[in-house]
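Participant: Starting from these lines, generate the structure:
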Amino acid sequence: MRTALVMAVTSRGRKGGFSIVEAVLGLVLLGLVCMALFSGLTTSTFSVQLARENLRATQIMSEKLDTIRLYSWKQLTNTPSIQGFNPALYPPDPLSPSQTNSAVYQGTIRIALAPVTEFYGKDMRLVTVELRWQTGKLQRTRSMSTLVSRYGTYQYIY
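Facilitator: Okay, the predicted model is just below:
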């Protein structure tokens, strides 16, 4: 009887708690899960920032190209009248003039002869708007091009 009682007591004692190895392993797994969660949050935040900067760059380039389409032929062929520009990621806020932008774009506009071999090629220009900016240590560049004609839409705007 005594041996049965001793075995019952010792078997209940072993099932009562965790060993130190199990506890450490559980904490390591919990740490890995938390690290993966924060890594995912950081990556998604950085991806959203890159997408926001790309969208703003596209907006700036399309705005510049739409404006250039309204230039007269004389303004377009006189290259000193078109210079570089430095728009910000966020438009300036009139309520807080001390606002700092995380990205400032350096823009250039290049005007070249159109790569057209037809007879009307001399009456066209290829306009390329290029933006450069830095996100952290990553140097980024985007460009957009369009063809502009001597007899373009600017003559129809009044």
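Participant: In contact with the closest residue to Arg110 other than its chain neighbours, which residues are there?
Facilitator: Distances taken as C-beta to C-beta, 6 or more residues apart in numbering place Thr128 nearest to Arg110, at 4.6 Å, with adjacent residues excluded. All C-beta atoms are positioned from the backbone trio N, CA, C, and that covers glycine. Thr128 makes contact with Ile109, Arg110, Ile111, Ala112, Ser143, Met144, Ser145, according to C-beta atoms under 8 Å, 6 or more residues apart in numbering.
Participant: Most neighbours among the residues you listed, which one is it?
Facilitator: Comparing the contacts of Thr128 by number of neighbours (other C-beta atoms under 10 Å), Ile109 comes first, having 18 neighbours.
Participant: element containing that one?
Facilitator: If you go by DSSP states H and E, Ile109 is part of strand 106-113.
Participant: Let me know the average pLDDT across the host helix or strand of Ser39.
Facilitator: Element membership for Ser39 (DSSP H and E) is helix 20-68. Helix 20-68 shows a mean pLDDT of 92.
Participant: quick one on the thing from earlier: tell me the angle of the strand holding Ile109 relative to helix 20-68?
Facilitator: 40 degrees (axes from the mean of the first three to the mean of the last three C-alpha atoms, to 10 degrees).
Participant: Now do the helix or strand just after strand 106-113 against helix 20-68, angle only.
Facilitator: The first helix or strand that comes after strand 106-113 along the chain, using DSSP H and E, is strand 124-135. On the basis of the same axes, to 10 degrees, strand 124-135 is oriented at 150 degrees to helix 20-68.
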